[in-house]
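> fold the following.
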Amino acid sequence: MTRPVYGVTGLPCSGKSYAAGLLADGRVDGVQGVLFKADDVGHDVLTRPDVVLALRHRFGDEAIRDGDAAAVRRAIAERVFSDRRELVWLESLVHPLVTAEADAVIAANTAERPVVMEAALLFEAGMDDRSDVILLVEASFETRLARAERRGWNRAELERRERRQIPLFEAALQGRNRGKIIRVRNDADDDGLAGRIQDALVPFQNSLRG
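The predicted structure is shown next:
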């Protein structure tokens with residue numbers, strides 16, 4: 001069987017990290033994969049010397065304190081979430097670096113193992129083009145809000161985080177890669193998600209065997 005590349009995405013608190021972990025750990029089909037967490041790589045990228053230099057040039061030395069990752073993320077978030085132009089600039093800087101790391105992971109995986117790419121911004125970063133199949137994890141707003149509150153977010157914070165993603169997901173469902181997208185519900189917070197993913201992937205896996 002050709003080793004597939006899975007893209008896993010979803011709105012905040014939909015459970016995409018859990019779904020990606022199930023796939024990568026082999027709890028869906030018994031085949032252990034390689035997990036690539038794009039958000040973690042994106043955080044690491046912010047501390048690269050060339051990126052720090054670009055951030056300092058854009059936002060000033062006061063915004064970037066000694067390359068401390070958490071401090072950099074907080075400082076940058078304060079600027080980009082209130083100004084779309086700055087957000088677009090930041091993504092143009094970070095997304096190519098993250099996708100390059102994803103490409104390297106895919107290229108280095110010479111074993112017959114699936115690659116599982118978990119990315120909140122899968123479509124924006126172009127990782128949908130690198131995916132053989134895209135798992136879109138969905139849950140109701142009420143379910144996601146309950147999960148968000150366990151993280152310490154309120155309704156306004158959840159709505160802020162998802163506001164930009166919703167139209168992009170809607171566009172993706174109508175876009176050129178729509179045939180790759182498999183939608184899976186994750187409202188229950190139970191062990192049944194692995195089975196639902198497995199059922200949803202059957203047509204895709206059968207096509208690989210064929």
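
> from residue 204, how far off is residue 185?
18 Å (Cβ to Cβ, to the nearest Å). All C-beta spots, glycine's among them, are computed from the backbone N, C-alpha and C.

> list the helices and strands the biggest helix by length in the chain packs on?
Longest helix of the chain, by residue count under DSSP state H: helix 84-108. Applying 3 or more Cβ pairs under 8 Å, 6 or more residues apart in numbering; DSSP states H and E, we find helix 84-108 packed against strand 34-37, helix 38-45, helix 49-59, helix 69-80, strand 115-118.

> most packed of the ones you listed?
Across those, averaging neighbours per residue (mean count of other Cβ atoms under 10 Å) puts strand 115-118 on top, at a mean of 26.

> quick one: mean pLDDT over that strand.
Mean pLDDT, strand 115-118: 97.

> what lines up beside the next helix or strand after that strand in the sheet?
Going down the chain from strand 115-118, the next helix or strand is strand 133-138, by DSSP states H and E. With DSSP bridges as the test, strand 133-138 is paired with strand 5-10 (parallel), strand 181-185 (parallel).

> and residue 143, what is it in contact with?
Shown in contact with residue 143 (Cβ atoms under 8 Å, 6 or more residues apart in numbering): 13, 186-187, 189.

> at 10 Å instead, please
Contacts of residue 143 were listed using Cβ atoms under 10 Å, 6 or more residues apart in numbering, and they are 13-15, 185-189.

> please apply the same query to residue 25.
Residue 25 makes contact with 31-33, 35, 116, 194 under the criterion Cβ under 10 Å, 6+ apart.

> how many other residues sit next to residue 95?
Around residue 95 there are 19 other residues, counting by other Cβ atoms under 10 Å.

> just checking, it touches residue 42?
Yes. Residue 95 lies in contact with residue 42 (Cβ atoms under 10 Å); the separation is 8.2 Å.

> just name the shakiest helix or strand of the protein by mean pLDDT.
One helix or strand of the chain scores below all others by mean pLDDT, DSSP states H and E: helix 69-80, with a mean of 77.

> quick one: list the elements packing against that helix.
For helix 69-80, the packing partners by 3 or more Cβ pairs under 10 Å, 6 or more residues apart in numbering; DSSP states H and E come out as helix 38-45, helix 49-59, helix 84-108.

> mean pLDDT lowest for which of those helices?
helix 49-59 (a mean of 88).
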